[in-house]
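1. Return a 3D structure for these sequence lines:
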Amino acid sequence: QVQLVESGGGLVQAGGSLRLSCAASGRTFSSDAMGWFRQAPGKEREFVAAISWSGDSTYYADSVKGRFTISRDNAKNTVYLQMNNLKPEDTAVYYCAAARYYPRVVTTSYHYWGQGTQVTVSS
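-> You can find the predicted model right below:
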């Protein structure tokens, strides 16, 4: 069974940091582009960051550029999202996903999804 499992979410004060992880199992994702999305209550799921299969290329939403860093370790079949200088508007459920091509910013381009991890940033 193919699974993506996110972890690392939690409650943090504004200005703080969190590191999310996305562990893949069931098959290797080393040939897939990977992405992070988030969804706040009452809002649509939005793109956050994407990384190419090799990890050489990354792409970010303007709202997180300079604060978030996406990376991957293909040997561990894991993708990460380092989030610094967090703001209350970053509060959302964060999802990782796999896509055939890079970069992709729409949800319909991703064919595997995790269940999400909650990130809450207090002011």
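2. Which residues are in contact with the residue nearest the centre of the chain?
-> For the chain, W36 is the residue whose C-alpha lies nearest the centre (CA atoms, centre = their mean; 2.5 Å). Residues in contact with W36 (CB atoms under 8 Å, 6 or more residues apart in numbering) are L20, C22, V48, A49, A50, I70, V79, L81, Y94, Y95, C96, A97. For glycine as for every other residue, the C-beta is placed from the backbone atoms N, C-alpha and C.
3. can you pull out the strands in this structure?
-> 3-7, 10-13, 18-25, 33-39, 46-51, 58-60, 68-73, 78-83, 92-99, 110-113, 117-122 (DSSP state E).
4. Tabulate those (JSON lines), appending mean pLDDT.
-> Formatted as JSON lines, the strands of the chain follow (pLDDT from 0 to 100):
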{"stretch": "strand 3-7", "mean pLDDT": "96"}
{"stretch": "strand 10-13", "mean pLDDT": "98"}
{"stretch": "strand 18-25", "mean pLDDT": "96"}
{"stretch": "strand 33-39", "mean pLDDT": "97"}
{"stretch": "strand 46-51", "mean pLDDT": "98"}
{"stretch": "strand 58-60", "mean pLDDT": "97"}
{"stretch": "strand 68-73", "mean pLDDT": "98"}
{"stretch": "strand 78-83", "mean pLDDT": "98"}
{"stretch": "strand 92-99", "mean pLDDT": "97"}
{"stretch": "strand 110-113", "mean pLDDT": "95"}
{"stretch": "strand 117-122", "mean pLDDT": "98"}
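5. and stretch 92-112, how far from the chain's centre?
-> Chain-centre distance of stretch 92-112: 9 Å, with CA atoms, centre = their mean, to the nearest Å.
6. residues contacting R38?
-> R45, E46, V48, D90, A92, V93, Y94, Y95, V119.
7. So what sits opposite it in the bridge?
-> E46, Y94 (DSSP bridges).
8. how near is it to V64?
-> 9 Å (CB to CB, to the nearest Å).
9. next one: F29
-> The spacing between F29 and V64, counted by CB to CB, is 22 Å.
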